[in-house]
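Chemist: Provided below for reference: sequence and predicted model.
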Amino acid sequence: THIHALGTNGVLAYIANRGDEFEIRHLRTSFDLGRTRFVYYSPRDKESMKEVIADADIVINMIGKYYESMSPVQTKTFPYVGYQTNYSFADANVEIPRTIAEICLEHQVDNFIHVSSAAASPDSASEWARTKYEGEQAIKEIYPWATILRPTQLFGNEDKLLNNFANFANRSPFVPLIDGGRALTQPVYAPDVAETISRICDHPEKFEGKQVDCFGPTDYTYAELAAFVYDITQQKTIVSDMPKDVVKLMAKAMQYERNPLLTPDMVELWAQDYLPTLSPEEYANQSDILTMDSVGVKATPVEKMAFNYLHRFRKGGHFTTVEGYH
């Protein structure tokens with residue numbers, strides 16, 4: 001969505017990718033002919049990263065992973081197969097952003113926008129959240145005028161929030177709620193965050209050295225979100241109140257799946273509140289931390305958009321409930 005917004009504005013975009021051409025070719029249609037360039041890079045090859053960044057006026061870093069990617073390796077003892085980490089949380093959230101900041105400084109890039117998280121904290125039980133905070137600090141030391149976005153959990157077509165509940169119900173006879181799902185979250189619509197980034201790119205000098213918090217209009221408990229999702233999807237599942245330690249045992253087994261629905265670190269993250277930095281009154285009474293309102297973006301409610309991409313989980317589709325279609 002962010003790429004499409006930039007294409008609409010007519011920018012010349014260098015889009016970094018370390019995968020296959022077929023993963024990104026759909027983005028070409030967002031730009032006029034000749035207004036984009038796809039550059040392949042490796043996070044462990046600084047020269048390839050320089051090739052992406054060298055000519056840029058604005059660099060936007062959205063590199064991240066909600067789990068540590070691993071690959072199987074042969075071992076000398078039974079069961080003769082183990083796992084090694086390809087990219088750790090520290091790699092994705094600290095070392096790579098630090099390298100990007102160093103390259104931006106070296107090549108005198110005018111503006112650097114870094115997408116972090118509202119959960120970023122040195123005291124979090126989640127390693128992902130702690131390394132997000134460490135990444136912010138690393139960037140500020142090297143490139144102090146960077147703009148740092150801190151979104152809450154994202155919802156939208158391919159989200160890992162509402163879709164997770166629905167996918168879990170498809171794959172398991174029960175869905176665990178960590179400590180009863182009492183923790184609060186205030187999810188933000190992904191296209192709203194994309195629009196915020198696009199508007200910052202229009203006047204980046206106004207946001208130098210600023211933190212921009214992105215969050216939705218309402219907070220919910222995870223129990224409320226689960227009930228909301230299953231009301232839309234009509235899935236018949238058992239929503240089970242389970243202690244965090246028990247859910248972590250499940251997550252230890254599930255973390256080895258490709259694109260896992262649950263990892264031990266996700267359990268820690270979802271067991272704590274995932275909210276904006278300040279209250280509405282505190283945002284209004286200060287000017288150091290900006291919000292989506294500061295760039296004229298109005299937060300979209302979950303209730304307005306969720307049906308559009310969750311009704312596909314209904315058996316037979318949503319037309320089965322409407323007279324005249326069956």
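Modeler: That came in fine, so what should we check first? Residues are numbered from 1 along each chain as shown.

Chemist: Just the buried residues of stretch 210-230, please?
Modeler: Across stretch 210-230, burial judged by 16 or more other Cβ atoms under 10 Å covers 210-216, 219-223, 225-226, 228-230. The C-beta positions use only the backbone N, C-alpha and C, and glycine is treated the same way.

Chemist: ok, now stretch 100-113?
Modeler: Buried residues in stretch 100-113, counting neighbours by 16+ other Cβ under 10 Å, are found at 100-104, 109, 111-113.

Chemist: Distance to Ile289 and secondary structure for those - can I get that in JSON lines?
Modeler: Compiled in JSON lines, those are given as follows (distance: Cβ to Cβ, whole Å; DSSP: H, G, I helix; E, B strand; the rest coil):
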{"residue": "Ile100", "distance to Ile289": "23", "secondary structure": "helix"}
{"residue": "Ala101", "distance to Ile289": "20", "secondary structure": "helix"}
{"residue": "Glu102", "distance to Ile289": "26", "secondary structure": "helix"}
{"residue": "Ile103", "distance to Ile289": "27", "secondary structure": "helix"}
{"residue": "Cys104", "distance to Ile289": "22", "secondary structure": "helix"}
{"residue": "Val109", "distance to Ile289": "24", "secondary structure": "coil"}
{"residue": "Asn111", "distance to Ile289": "18", "secondary structure": "strand"}
{"residue": "Phe112", "distance to Ile289": "18", "secondary structure": "strand"}
{"residue": "Ile113", "distance to Ile289": "16", "secondary structure": "strand"}
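
Chemist: can you map out the strands along the stretch 1-150 of the chain?
Modeler: 13-17, 36-40, 58-61, 69-74, 81-87, 111-115, 147-151 (DSSP state E, counting those that start in this stretch).

Chemist: who wins for proximity to Ala138 among these?
Modeler: Nearest to Ala138, of all the strands of the stretch 1-150 of the chain, is strand 111-115, at 9.9 Å by Cβ to Cβ.

Chemist: That closest one vs strand 147-151, what angle?
Modeler: Computed by axes from the mean of the first three to the mean of the last three Cα atoms, to 10 degrees, the angle separating strand 111-115 from strand 147-151 equals 20 degrees.

Chemist: Give me the residues contacting strand 111-115.
Modeler: Around strand 111-115, the neighbours that count as contacts under Cβ atoms under 8 Å, 6 or more residues apart in numbering are 57-62, 64, 97, 100-101, 104, 135-136, 139, 143, 145-149, 151, 193, 197, 200-201, 204-205, 208.

Chemist: Also stretch 138-148?
Modeler: Identification of contacts with stretch 138-148 by Cβ under 8 Å, 6+ apart yields 94, 97-98, 101-102, 104-105, 111-114, 116, 136, 200, 204, 207-212.

Chemist: Stretch 244-264 now?
Modeler: 66-67, 70, 83, 164, 167-168, 171, 176, 178-179, 266-268, 271.

Chemist: Stretch 66-80: end-to-end distance?
Modeler: Taking Cα to Cα, to the nearest Å, the first and last residues of stretch 66-80 lie 28 Å apart.

Chemist: Give me the average confidence score over that stretch.
Modeler: Averaging pLDDT along stretch 66-80 yields 88.

Chemist: Give the buried residues for it.
Modeler: Going by neighbour count (16+ other Cβ under 10 Å), the buried part of stretch 66-80 is 67-68.

Chemist: Could you do stretch 51-65 as well?
Modeler: Neighbour counts over stretch 51-65 (16+ other Cβ under 10 Å) mark 52-53, 56, 58-61, 63-64 as buried.

Chemist: and the end-to-end length of it?
Modeler: 23 Å.

Chemist: Other residues contacting that stretch?
Modeler: For stretch 51-65, with Cβ under 8 Å, 6+ apart as the criterion, the contacting residues are 2, 14, 16, 39, 41, 43, 87, 89, 92-93, 96-97, 100, 103-104, 107, 109-115, 197, 201, 204.
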